[in-house]
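Enquirer: prediction below, plus the sequence it came from.
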Amino acid sequence: MGSTQGNELRKITKNPKNRFYGGYESTAFRVAAAISQKNIGHDALSKVYENLLLSPGKNTQLFLARAANKRAYNKHIKSSIAYNKRRHELVFNDKTAEIKEGTTYQSGVDLNPSATSSASTEEIPDTIVRPTPTVVDKGNHTFIYFELETTGLGTSCDIIQLACVAGEDSFNRYVFPKSPITDGATAVTGLYVASGKMYFHKNKVDSVSVEGCLEDFTQWLKQYSKPLLVCHNGRAFDSINLLKTCQNNSFSLPIEGFVDSLFVFREALPDRKCYKLEALVKDCMSMSFKAHSAHEDVKALQSLVLQCKISCDVLLKHSFSVEYVTSSIDYKSKTDECLGSLQPLSNCLSKYMLRKIAQSGLSYQHLKMAYERGGPEGLENTLSETNSDGILRVAKTRSIFSKIINHFSN
């Protein structure tokens with residue numbers, strides 16, 4: 001006899017439980033027919049005909065030939081590498097889903113108080129996806145050249161200067177920060193605070209609050225049609241800092257999106273090695289300017305774009321929407337939160353691997369839950385699962401698994 005499970009399934013089709021065949025003589029025949037069909041195939045029917053001294057008709061022979069061909073085809077498919085690989089993936093995904101969902105779908109879960117605790121039913125999240133830039137649609141856009149100076153080098157620093165230029169029109173505000181300006185930022189920008197006053201290279205400047213700056217900036221932007229803010233390296237820094245500051249102060253700017261001029265000049269001047277703004281201005285325009293003064297930066301950037309005759313189509317090609325920036329802010333916030341929780345693993349994993357785990361949406365608590373629910377296999381399944389596009393969540397490296405497993409086992 002072959003596999004018991006398959007025979008049981010065949011018995012159900014020939015001897016269904018919703019009909020009472022147990023009290024009739026046909027039960028034994030039905031069970032025998034089901035098991036014979038599973039183990040021998042439909043050829044068992046021809047042997048029955050032989051024992052009964054009957055000759056199978058034309059339709060019966062045609063049916064048996066088709067059934068035999070189908071059986072042989074299914075056997076060939078099930079023995080293929082692709083079939084077994086897919087079967088393994090489905091089993092793997094089922095196990096991973098059980099680990100991620102906890103005790104939520106266990107039988108009798110409502111009767112077990114420990115199984116309904118928040119720790120047991122909390123789900124391990126799916127992989128978070130890094131946002132991809134979406135180009136702004138074509139239209140009657142106004143390109144406004146824009147720059148920020150901040151209290152530090154990160155994307156969570158306070159704005160201390162915001163400047164824009166659109167043709168001959170310009171906007172420039174110094175912003176009194178709520179957090180201290182780092183020595184590094186002062187060395188670069190020349191801005192600092194002393195005795196409650198703000199200075200630019202030892203010259204006192206008039207400053208406003210961040211709320212006042214955003215209010216003035218909003219009113220200034222309203223005079224332009226579908227404004228796009230053009231900034232150098234804006235995708236990684238300026239756009240995130242600006243919109244994060246707007247979120248923190250409940251402001252919404254009337255803009256269509258941003259353009260990163262760094263990518264514009266990489267396309268326009270592909271043979272260069274350095275794309276810093278001051279180097280571009282020096283080489284393309286044979287002039288220098290006061291770099292890292294936001295107002296001087298935007299005037300230089302506008303002149304550079306005009307000098308290089310960058311078309312509107314090229315600028316739009318390297319644009320990105322406001323929605324992309326807000327999604328990037330959320331993604332970075334989740335990543336930073338997960339990365340902070342993973343510090344207990346810093347003694348056994350590299351900074352690169354910790355960030356990779358965090359970027360997949362996994363925190364220390366999620367790894368701990370995976371280990372408690374499924375042991376080493378549960379942890380491996382969680383780290384090595386793939387998304388709908390076949391992209392690996394974290395890693396399949398045994399050495400990585402063993403380091404994390406040893407941490408939790410100890």
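Expert: That came in fine, so what should we check first?
Enquirer: just give the nearest non-adjacent residue to Val230, would you?
Expert: Leaving out its chain neighbours, the residue that sits closest to Val230 by Cβ to Cβ, 6 or more residues apart in numbering is Val259, at 4.4 Å. (Glycine included, C-beta is placed from N, CA and C.)
Enquirer: where does the one you found fall, secondary structure wise?
Expert: Assigned by DSSP states H and E, Val259 belongs to strand 257-260.
Enquirer: partners of that strand, with directions?
Expert: Sheet pairing of strand 257-260 (DSSP bridges) gives strand 227-231 (parallel), strand 319-321 (antiparallel).
Enquirer: now these as TSV including distance to Ala67 and mean pLDDT?
Expert: Listed next are the strands paired with strand 257-260 as TSV, based on distance: least, Cβ to Cβ, whole Å; pLDDT from 0 to 100:
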stretch	distance to Ala67	mean pLDDT
strand 227-231	67	96
strand 319-321	58	96
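Enquirer: of all these, which one comes closest to Val129?
Expert: Val129 lies closest to strand 319-321 among those, at 16.2 Å (Cβ to Cβ).
Enquirer: need the residues that contact that closest one.
Expert: By Cβ atoms under 8 Å, 6 or more residues apart in numbering, the residues outside strand 319-321 that reach it are Pro133, Thr134, Val135, Val136, Leu228, Arg235, Ser239, Glu256, Gly257, Phe258, Val259, Asp260.
Enquirer: please redo it, this time with the cut-off set to 6 Å
Expert: The contact list for strand 319-321 (Cβ atoms under 6 Å, 6 or more residues apart in numbering) reads Pro133, Thr134, Val135, Val136, Gly257, Phe258, Val259.
Enquirer: buried ones among those?
Expert: Among the contacts of strand 319-321, the ones that count as buried by 16 or more other Cβ atoms under 10 Å are Pro133, Val136, Gly257, Phe258, Val259.
Enquirer: thinking again about what came up before, return the set of residues that bridge with the residue nearest to Val230.
Expert: So, taking DSSP bridges as the rule, Val259 has Val230, Ser319 as bridge partners.
Enquirer: list the contacts of it.
Expert: Contacts of Val259 (Cβ under 6 Å, 6+ apart): Leu228, Val230, Leu315, His318, Ser319.
Enquirer: SS state for Ile400?
Expert: helix (DSSP: H, G, I helix; E, B strand; the rest coil).
Enquirer: what residues of whichever helix or strand Trp220 is part of count as buried?
Expert: Element membership for Trp220, per DSSP H and E: helix 210-221. By neighbour count on 16+ other Cβ under 10 Å, the buried set for helix 210-221 is Val210, Cys213, Leu214, Phe217, Trp220, Leu221.
Enquirer: same check, this time on stretch 260-276
Expert: Quick answer for stretch 260-276 (16+ other Cβ under 10 Å): Asp260, Ser261, Leu262, Phe263, Val264, Phe265, Ala268, Tyr275.
Enquirer: which ones are touching the fourth one?
Expert: To tie it back to what came earlier, the one meant is Phe263. By Cβ under 6 Å, 6+ apart, the residues touching Phe263 are His318.
Enquirer: I'd guess it is in a helix, am I close?
Expert: Yes. Assessed by three-state DSSP, Phe263 belongs to a helix.
Enquirer: related to what we said a few turns ago, wait, which of the buried residues of helix 210-221 is closest to Cys308?
Expert: Leu221 (25.4 Å).
Enquirer: pull the most distant pair out of the buried residues of helix 210-221.
Expert: Val210 and Leu221, at 16.2 Å, using Cβ to Cβ across these.
Enquirer: where does the stretch 151-300 of the chain have low pLDDT?
Expert: The model of the stretch 151-300 of the chain has no residue with pLDDT under 70.
Enquirer: mind listing the helices for it?
Expert: Using DSSP state H, counting those that start in this stretch, the helices assigned to the stretch 151-300 of the chain run over residues 183-189, 210-221, 238-248, 261-268, 277-285, 294-307.
Enquirer: still on that earlier bit, can you say which of the strands paired with strand 257-260 is nearest to Leu362?
Expert: The nearest among the strands paired with strand 257-260, by Cβ to Cβ, is strand 319-321 at 27.2 Å.
Enquirer: tell me which helix or strand comes right after the closest one.
Expert: Scanning forward in sequence from strand 319-321 by DSSP H and E, the next helix or strand is helix 322-341.
Enquirer: between that following helix and strand 227-231, how big is the angle?
Expert: Angle, helix 322-341 to strand 227-231, by axes from the mean of the first three to the mean of the last three Cα atoms, to 10 degrees: 50 degrees.
Enquirer: by contact count, what packs against helix 322-341?
Expert: helix 238-248, helix 351-359 (3 or more Cβ pairs under 6 Å, 6 or more residues apart in numbering; DSSP states H and E).
Enquirer: out of the ones you listed, deepest packed?
Expert: For the helices and strands packed on helix 322-341, the largest average neighbour count (mean count of other Cβ atoms under 10 Å) is found in helix 238-248, namely a mean of 20.
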